[in-house]
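Undergrad: Need coordinates for the following:
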Amino acid sequence: MRVSDEWKDYRIIDAGSKEKLEIWKDVVLRRPDPSAMWETHMDTIWEDVDGFYHRSNRGGGSWEFRKKLPEFWTVEYHGLKFKVSPTNFKHTGLFPEQAANWDFMMNKIKQANRPIRVLNLFGYTGAATMACAKAGAIEVVHVDAARGMVDWAKDNAQLCGLENHKIRYIVDDCLKFVLREKRRGREYDAIIMDPPSFGRGPSGEVWKFEDKIAELIAACMDILTDNPLFFQINSYTTGVGKTSIENILRTTLLKKYPNGLIEADEIGLPIEKSGLILPCGIYGRWYEK
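TA: Numbers count the residues shown, from 1 in each chain. Down below sits the predicted model:
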């Protein structure tokens with residue numbers, strides 16, 4: 001497992017009983033997390049929170065705020081600054097477990113010694129986009145179907161001092177965009193994708209991970225350069241294990257680019273109280289040796 005354990009502005013205090021207790025800089029939040037399926041003793045620290053997301057029996061849920069929080073605040077990681085704000089679907093605009101993957105991307109781009117163009121699909125609020133731009137990518141194309149998330153990514157670019165870097169923001173269905181890029185003859189040295197289990201594009205296009213991932217990867221391979229730097233997939237989809245992702249990459253990326261390396265594993269965050277690791281999905285990547 002790859003653990004994102006270099007945070008200063010984010011910590012998981014405790015986790016268990018399908019919940020987690022975390023600190024975002026100095027704001028304490030309690031949120032559901034189905035991966036924390038073991039039992040834990042919920043002592044008084046679990047009650048001393050600033051925000052508590054209550055899951056509804058009918059699906060979804062709502063926040064209970066026990067003090068007035070700012071509309072948003074910022075956290076920093078290795079020189080990158082991100083806007084954090086509790087949303088009505090329990091998220092905060094950032095997945096801190098992905099920090100280890102940001103480190104990988106930044107190191108590969110810095111060490112490439114050549115111009116690198118990056119495509120970030122399902123880019124959300126742009127943490128990976130900012131990492132690649134900060135590392136020196138000559139262009140990062142950020143694609144997400146939700147305009148609100150793309151606007152949030154633009155805010156993060158300002159916070160990171162990257163507003164004058166070459167970042168293109170696209171509100172579009174990711175597969176449709178990739179197919180258009182092929183027709184336009186545009187190519188990328190690195191591709192990142194963080195697809196949801198299920199979602200809809202801006203025109204109602206249906207995305208289901210297990211039905212669409214093979215088609216998307218095949219389309220992406222058509223817009224990779226002859227000498228790519230890396231290709232990264234993240235997944236939070238139940239039932240999709242690291243071996244499945246590794247097999248997909250072996251039969252696609254490694255087959256076309258046999259001189260690269262394949263890696264797939266879980267990713268997680270340390271839990272202070274117990275010393276356990278909270279599993280937070282999986283990743284798979286092909287990368288240049």
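Undergrad: List the contacts of Lys25.
TA: The contact partners of Lys25, by Cβ atoms under 8 Å, 6 or more residues apart in numbering, come to 9-10, 73-75, 84. Using the backbone N, CA and C atoms, a C-beta is placed for each residue, glycine as well.
Undergrad: What remains of those if I keep only buried residues?
TA: Buried members of those, scored by 16 or more other Cβ atoms under 10 Å, are 9-10, 73, 75, 84.
Undergrad: Need the max-distance pair from the residues you listed.
TA: The largest separation in those, counting by Cβ to Cβ, is between Tyr10 and Trp73 at 11.8 Å.
Undergrad: Find residues that contact each of those two.
TA: Joint contacts of Tyr10 and Trp73 (Cβ under 8 Å, 6+ apart) are 24-25.
Undergrad: Mind jotting down where the helices sit in the stretch 101-250 of the chain?
TA: Secondary structure of the stretch 101-250 of the chain (DSSP state H, counting those that start in this stretch): helices located at 127-135, 147-159, 174-184, 209-221, 242-251.
Undergrad: pull the CA atoms of the fourth one into CSV?
TA: These are the backbone C-alpha positions of helix 209-221, laid out as CSV (Å, rounded to 0.1, in the frame of the first residue of the first chain):
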residue,chain,number,x,y,z
PHE,A,209,-16.7,2.6,-14.6
GLU,A,210,-16.8,-1.1,-15.4
ASP,A,211,-18.7,-0.5,-18.7
LYS,A,212,-16.6,2.5,-20.0
ILE,A,213,-13.1,2.2,-18.7
ALA,A,214,-11.8,0.0,-21.4
GLU,A,215,-13.2,2.2,-24.1
LEU,A,216,-11.7,5.3,-22.5
ILE,A,217,-8.2,3.8,-22.1
ALA,A,218,-8.2,2.7,-25.7
ALA,A,219,-9.2,6.2,-26.8
CYS,A,220,-6.5,7.7,-24.6
MET,A,221,-3.8,5.5,-26.1
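Undergrad: Look up the closest residue to Phe89, ignoring the ones flanking it.
TA: Gly60 (7.0 Å; Cβ to Cβ, 6 or more residues apart in numbering).
Undergrad: correct me, but that neighbour touches His54?
TA: No - the criterion here is Cβ atoms under 8 Å, and Gly60 misses it with His54 at 10.0 Å.
Undergrad: Stretch 42-50: which residues count as buried?
TA: Counting neighbours by 16+ other Cβ under 10 Å, one finds that the buried residues in stretch 42-50 are 46, 49-50.
Undergrad: what pLDDT, on average, does stretch 112-122 get?
TA: Averaging pLDDT along stretch 112-122 yields 98.
Undergrad: try stretch 80-88
TA: For stretch 80-88, the per-residue pLDDT averages 96.
Undergrad: With stretch 55-75 instead?
TA: pLDDT averaged over stretch 55-75 gives 91.
Undergrad: same thing with stretch 1-10?
TA: According to the model, stretch 1-10 has a mean pLDDT of 98.
Undergrad: now stretch 267-274
TA: pLDDT averaged over stretch 267-274 gives 97.
Undergrad: So what's the gap between that stretch and the chain middle?
TA: If you compare the mean C-alpha spot of stretch 267-274 with that of the full chain, they lie 18 Å apart, counting by Cα atoms, centre = their mean, to the nearest Å.
Undergrad: List the buried residues of that stretch.
TA: 267-269, 271, 274.
Undergrad: Kindly report the same for stretch 127-143.
TA: Going by neighbour count (16+ other Cβ under 10 Å), the buried part of stretch 127-143 is 127-135, 137, 139-143.
Undergrad: Ok, stretch 245-254 next?
TA: For stretch 245-254, using 16+ other Cβ under 10 Å, the buried residues are 245-246, 248-249, 252-254.
Undergrad: Also stretch 281-289?
TA: Buried residues in stretch 281-289, defined by neighbour count with 16+ other Cβ under 10 Å: 281-288.
Undergrad: on that earlier part again, right, so of the helices of the stretch 101-250 of the chain, which gets closest to Lys90?
TA: Closest of those to Lys90 is helix 147-159, at 15.1 Å (criterion: Cβ to Cβ).
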